[in-house]
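**Q** Structural data only, the sequence is not supplied:
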């Protein structure tokens, strides 16, 4: 019995118009997100990986309705967020939060830590002054800052500490879902693990679900239950974390995984798959498979049709020990044996 | 000071460290405060009158008729004559009078028989800068003119910025079609020649202090919208305002709580220069006779008189010196503010 998903994203598309001229006529379109599907059960983590510009961040922000989606459906806690009225959506924002990549940008430099942490309570009119003060102190201590930090300002903190402030702000109203938009990629490696561990602890304590956006595959493997690989606005492969790392099927995933630096000095570097060329521009997508231009195994068929994200055939799935992975491994590639619909 | 956020505190400290601007600001502030109490220093009414053992302070309050001090008329006492009279009859010692530094108000004509005004500076009559065409004291008119001018400029800039900042912030925040249409409207509106139209309107309306300011605001608010629009556009996409929106903050909270405090440097850096511009505009309007209606003391009007008769240099000299002094101080102040609020100075890692 699968749990009811907390979040379901169906065919999400976010297209940005390229406007020009004095009347801002539409001169083109950037297909930032071009049909993304996934669902996320409560308390789990979905890792979203892909190179820069593939639309990971846009997916995260579209789910929170910070960027308007062009089409598609986002169901959060049984409600379609696009059909909600503005006040209802504002109410729902208590349940979904975001942690940003750049801790220098995401905190208002003019507000003290107390102001920053009080803001969620003020916006949603939760508690009175005394209880707010107490909550803010607890929050600061929970993320490892200590109450003395409250009177200080963001610039007095290091990157890791600021990220803790950002996390404290996100968990202030006890949400069910947090978009972690590359929360550690701006931090030192030594600090990264502390922040990751904090996020994992909080997830266990509060039953949080994460959409963990990153480009560091090692980090994603460590935190995620399910990993989705994005390429040019589409998910090309999605599977349980162990499964994906053990048995990557899409040529892009394989190339990504082989690009992880090895700690073994004896490793055979010639086996590495190195992608050639640049990804196609999201404003002029090719007709067939978007990955064709860089694909080592592409053929005529890939030029004509766009591959859909389909279930991998069970016999191809050589790690059947995990029940979740078996029915979750989906690949969008003609060269991989998939179950045709 | 503890209430201010650290950025403002740093900027304030930096401003104080720029000596030229800081002292210009203090001097200017001194002038403004002094001009607020100008009635004590420049007035036809005495500061203190002691008459038959009673103390009188006629500066503020209702006028005292001559009969109150034993004179034979019922209209307002001429304190200069009263002083002369007391000094003549020193031996009877009815009392004494303390006159202000400049014992003339800016509206009265001090005419002397046989001399046709304007008259040159005359210390014995306490006309330190002489008199103008109708025998009014130039120094008194300068000081009262300064008071009107500076408060007019402050009021004008306040109204101007209120309109410009809120519209600009709205344009930047909402973007899209509203922004586009407003931009075009503002471009059209900006092409109306400012002084020319203000002259036409004010020649029809015969404006007072407030109506003139409003007329000027109607044709002058556009300037600030551009800067605000850009600043808000920039700040709105920064993560901290996205975070506020993600928390469910309403647009007004995002604008007033997050964006405006961070865009304030743009506004503040412009204020002194706008004040200088307003002083300049008012003076030009008065000079041309379309500003505040006479006999309001005004620099523009003095300038017009002075340039009309360059052989009487005390008029034009004093008003030009005053203008140059005030505008220089405002500009020094503005430079220091701009320097102190320059964001590049604050992005250094410490």
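**A** Looks like it arrived, so ask away. Everything numeric in this text was worked out from a predicted model, so none of it was measured.
**Q** Enumerate the residues of the stretch 101-250 of chain B near chain A.
**A** Residues of the stretch 101-250 of chain B lying near chain A by CB under 8 Å from any CB of the partner chain: B:180, B:238-250. (C-beta placed from N, C-alpha, C; glycine too.)
**Q** and of those, the nearest to residue A:102?
**A** Lowest distance from residue A:102 to those (CB to CB) belongs to residue B:239, with 6.2 Å.
**Q** Quick one: residues contacting residue A:19.
**A** A:25-27 (CB atoms under 8 Å, 6 or more residues apart in numbering or on different chains).
**Q** go on, residue A:103?
**A** Residue A:103 neighbours (CB under 8 Å, 6+ apart): A:159-160, A:162-163, A:165-166, A:186-187.
**Q** again, 7 Å this time
**A** Residue A:103 sits next to A:159, A:162-163, A:166, A:186 when contact means CB atoms under 7 Å, 6 or more residues apart in numbering or on different chains.
**Q** So which bits of the stretch 1-150 of chain A are right by chain B?
**A** Within reach of chain B by CB under 7 Å from any CB of the partner chain, the stretch 1-150 of chain A has these residues: A:24, A:64, A:66, A:90, A:93-94, A:97-98, A:100, A:102, A:105-110, A:119-120, A:123-124.
**Q** Of those residues, which belong to helices?
**A** Among the residues of the stretch 1-150 of chain A next to chain B, the members falling in helices are A:90, A:119-120, A:123 (criterion: DSSP state H).
**Q** Now for these: which two are most distant?
**A** Longest distance between any two of those is 13.7 Å, between A:90 and A:119; criterion CB to CB.
**Q** Looking at these two, which one has more neighbours?
**A** Between residue A:90 and residue A:119, residue A:119 has the larger neighbour count (other CB atoms under 10 Å in any protein chain shown), namely 22 against 17.
**Q** what's that one in contact with, if anything?
**A** Residue A:119 touches B:244, B:247, counting by CB under 7 Å, 6+ apart.
**Q** ok so, going back, any chance of the ones in helices among the residues of the stretch 1-150 of chain A next to chain B in TSV, plus pLDDT?
**A** Shown next, in TSV, are these (pLDDT from 0 to 100):
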residue	pLDDT
A:90	89
A:119	91
A:120	92
A:123	91
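**Q** Now render those as CSV, adding distance to residue B:91.
**A** Converted to CSV, those look like this (distance: CB to CB, whole Å):
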residue, distance to residue B:91
A:90, 87
A:119, 79
A:120, 84
A:123, 81
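**Q** any chance you could map the helices in chain A?
**A** A:56-63, A:86-92, A:113-123, A:129-142, A:159-171, A:189-206, A:217-223, A:241-246, A:251-258, A:300-304, A:323-328.
**Q** do the stretch 101-250 of chain B as well
**A** B:138-174, B:176-190, B:194-205, B:209-220, B:222-236, B:239-246 (DSSP state H, counting those that start in this stretch).
**Q** And those, which one averages the lowest pLDDT?
**A** Lowest mean pLDDT within those: helix B:194-205, a mean of 85.
**Q** Would you mark the buried spots in that one?
**A** B:198-199, B:201-202 (16 or more other CB atoms under 10 Å in any protein chain shown).
**Q** again, but for stretch A:129-142
**A** A:132-133, A:135-137, A:139-140, A:142.
**Q** ok, now how distant is residue B:197 from chain A?
**A** Distance of residue B:197 to chain A, given as CB to the nearest CB, to the nearest Å: 26 Å.
**Q** give me the number of residues near the closest residue to that residue other than its chain neighbours?
**A** Nearest non-adjacent residue to residue B:197, counting by CB to CB, 6 or more residues apart in numbering or on different chains: residue B:219, 5.5 Å away. Counted by other CB under 10 Å, the residues lying close to residue B:219 total 17.
**Q** do the one 10 residues further on as well
**A** A count of nearby residues for residue B:229, using other CB under 10 Å, gives 23.
**Q** what does residue B:184 give?
**A** For residue B:184, using other CB under 10 Å, the count is 12.
**Q** ditto for residue B:209
**A** By the criterion of other CB under 10 Å, residue B:209 has 15 neighbours.
**Q** Next, find the distance separating it from residue B:292.
**A** 7 Å (CB to CB, to the nearest Å).
**Q** likewise residue B:64?
**A** Counting by CB to CB, the gap from residue B:64 to residue B:292 is 29 Å.
**Q** what's the answer for residue A:286, then?
**A** Applying CB to CB to residue A:286 and residue B:292 gives a distance of 70 Å.
**Q** the more surrounded of the two?
**A** Taking neighbours as other CB under 10 Å, residue A:286 and residue B:292 compare with residue B:292 leading, 24 against 15.
**Q** hang on, isn't that one packed against residue B:212?
**A** Yes: under the criterion of CB atoms under 7 Å, residue B:292 makes contact with residue B:212 at 6.2 Å.
**Q** Stretch B:178-194: which residues count as buried?
**A** For stretch B:178-194, by 16+ other CB under 10 Å, it's B:179, B:182, B:186, B:190.
**Q** Find the nearest non-adjacent residue to the last one, please.
**A** Distances taken as CB to CB, 6+ apart put residue B:222 closest to residue B:190, at 4.7 Å, once the chain neighbours are dropped.
**Q** number of nearby residues for the one you found?
**A** Using other CB under 10 Å: residue B:222 sits among 21 other residues.
**Q** show me what contacts it?
**A** Counted by CB under 7 Å, 6+ apart, residue B:222 has contacts B:164, B:186, B:189-190.
**Q** quick one: which of these is nearest chain A?
**A** Of all the contacts of residue B:222, residue B:186 has the smallest distance to chain A: 14.3 Å, by CB to the nearest CB.
**Q** contacting residues for the closest one?
**A** B:222, B:225.
**Q** again, only using 8 Å
**A** So residue B:186 contacts B:222, B:225-226 (CB under 8 Å, 6+ apart).
**Q** about what we covered before: pretty sure the residue nearest to residue B:197 is touching residue B:191, no?
**A** No: using CB atoms under 8 Å, residue B:219 makes no contact with residue B:191, being 10.9 Å away.
**Q** any chance of the buried residues of helix B:194-205 in JSON lines, plus distance to residue A:329?
**A** Below are the buried residues of helix B:194-205 laid out as JSON lines (distance: CB to CB, whole Å):
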{"residue": "B:198", "distance to residue A:329": "74"}
{"residue": "B:199", "distance to residue A:329": "79"}
{"residue": "B:201", "distance to residue A:329": "75"}
{"residue": "B:202", "distance to residue A:329": "79"}
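**Q** right, and the pair among those with maximum separation?
**A** Counting by CB to CB, the most remote pair of the buried residues of helix B:194-205 is B:199 and B:201, 7.5 Å apart.
**Q** And for stretch A:66-86, what's in contact with it?
**A** For stretch A:66-86, contacts defined as CB under 8 Å, 6+ apart pick out A:5-15, A:33, A:35-36, A:58, A:61-63, A:65, A:88-89, A:92, A:95-96, A:98, A:176-177, B:242, B:245-246.
**Q** mind redoing it with 7 Å?
**A** With CB under 7 Å, 6+ apart, stretch A:66-86 has contacts from A:6-15, A:58, A:61-63, A:65, A:89, A:92, A:95-96, A:176, B:242, B:245-246.
**Q** just stretch B:55-75 next, same as before
**A** Residues from elsewhere that reach stretch B:55-75 (CB under 7 Å, 6+ apart): B:39-40, B:43, B:45-49, B:51, B:76-77, B:82, B:94.
**Q** repeat that with 10 Å
**A** Where contact means CB atoms under 10 Å, 6 or more residues apart in numbering or on different chains, the residues beyond stretch B:55-75 that reach it are B:37, B:39-41, B:43-52, B:54, B:76-79, B:81-82, B:85-86, B:94-95, B:97-98, B:100.
**Q** Out of the helices and strands in chain A, which is least certain?
**A** Within chain A, no helix or strand scores below helix A:323-328, which has a mean of 50 by mean pLDDT, DSSP states H and E.
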